[in-house]
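Peer 1: show me the folded form of this:
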Amino acid sequence: MNPVIANLAGSVLLGGAAVLVGVWGRRYAASLLPPTLPAEDRRRRAVVYRRGALACQVAGVLLISVGVLSTLT
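Peer 2: The predicted structure is shown next:
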């Protein structure tokens, strides 16, 4: 397999996986928290989980973009 194609495929697959993890994390952030936490802590941690999931989505898009751009140049 051509190394350029392997780089593109690896970047796109890894980036796609990061985007999917981010989507899943943003959707289920509140349900991932332990029910024993007080309400204020649950709200605060849900915000932190959603922010981390957004970071995963951004990293995934960047990986896909870099893979495609490196193939085109």
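Peer 1: so for the residue nearest the centre of the chain, what's the pLDDT?
Peer 2: Residue closest to the mean C-alpha point of the chain, counted by C-alpha atoms, centre = their mean, is Cys56 at 2.5 Å. Each residue has a pLDDT score; the one for Cys56 is 97.
Peer 1: ok, now Ser70?
Peer 2: On the pLDDT scale, Ser70 is placed at 88.
Peer 1: figure out the helix or strand that it lives in.
Peer 2: Counting by DSSP states H and E, the element that carries Ser70 is helix 39-72.
Peer 1: next one: that helix to chain centre, how far?
Peer 2: Centroid separation for helix 39-72 versus its chain: 4 Å, with C-alpha atoms, centre = their mean, to the nearest Å.
Peer 1: got it, and stretch 18-32?
Peer 2: In terms of C-alpha atoms, centre = their mean, the centre of stretch 18-32 is found 8 Å from the chain centre.
Peer 1: just the mean pLDDT for it, thanks.
Peer 2: 95.
Peer 1: for it, buried residues please.
Peer 2: Buried residues in stretch 18-32, counted by 16 or more other C-beta atoms under 10 Å: 18-19, 21-22, 25-26, 29. C-beta: built from backbone N, CA, C; applies to glycine.
Peer 1: any chance of these in TSV, plus distance to Thr36?
Peer 2: Shown next, in TSV, are the buried residues of stretch 18-32 (distance: C-beta to C-beta, whole Å):
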residue	distance to Thr36
Ala18	30
Val19	31
Val21	25
Gly22	26
Gly25	21
Arg26	23
Ala29	17
